[in-house]
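**Q** have a look at this prediction, sequence included:
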Amino acid sequence: MFAGKAIRCECGYEVRASDEDALVEGIRRHASEAHDIAFSIELARKLARDATQLAGEDEVTRRRETQ
C-alpha cells in the first residue's frame with residue numbers, strides 16, 4: 001500500500017506525493033526541468049518503489065533501535 005511518500009534528489013529537492021502515480025510524475029518532472037534528464041515512466045516508478053522500500057526499512061530499523 002502506498003501511503004504518502006517522498007523521495008529526495010541528490011541536489012536536495014524533495015518530491016512528495018500521496019500516491020505512486022503522482023510521485024512518479026514528480027520525479028520525472030524534476031529530472032527533466034532541473035537536470036535535463038528524461039526518465040522513462042518505468043525507471044521513475046522503480047525509483048519511487050525503491051525509495052518506498054527503503055523508507056520502510058528505515059522505519060523497521062528505528063523500531064528495533066528503540067526496543
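**A** Happy to help now that I have it. Residues are numbered from 1 along each chain as shown.
**Q** burial count for the nearest residue to A17 once chain neighbours are set aside?
**A** Distances taken as Cβ to Cβ, 6 or more residues apart in numbering place L23 nearest to A17, at 3.8 Å, with adjacent residues excluded. For the C-beta atoms, the positions are set from N, CA and C on the backbone; glycine is no exception. The number of residues packed near L23 is 25, by other Cβ atoms under 10 Å.
**Q** does E42 lie in a helix or a strand, and which?
**A** Following DSSP states H and E, one finds E42 within helix 41-66.
**Q** any idea of the mean pLDDT for that helix?
**A** On average, the pLDDT along helix 41-66 is 67.
**Q** follow-up on the earlier one: hang on, the residue nearest to A17 is in a helix, isn't it?
**A** Yes: if the criterion is DSSP: H, G, I helix; E, B strand; the rest coil, then L23 is within a helix.
**Q** what residues does it make contact with?
**A** F2, K5, A6, I7, V15, R16, A17, A48 (Cβ atoms under 8 Å, 6 or more residues apart in numbering).
**Q** hmm, 6 Å instead?
**A** K5, A17, A48 (Cβ atoms under 6 Å, 6 or more residues apart in numbering).
**Q** how near is it to A6?
**A** 8 Å (Cβ to Cβ, to the nearest Å).
**Q** tell me the contacts of I27?
**A** V15, A44, L47.
**Q** where does it land in three-state SS?
**A** Criterion first, three-state DSSP; result for I27: helix.
**Q** that one and Y13: what is the separation?
**A** 10 Å.
**Q** just D50 next, same as before
**A** Taking Cβ to Cβ, one finds D50 at 17 Å from Y13.
**Q** more neighbours: these two, which one.
**A** Y13 (14 against 11).
**Q** quick check: that one vs R29, distance?
**A** Y13 is 11 Å from R29, by Cβ to Cβ.
**Q** repeat for R49
**A** R49 is 18 Å from R29, by Cβ to Cβ.
**Q** how about A51?
**A** Here the criterion is Cβ to Cβ. By it, A51 lies 16 Å from R29.
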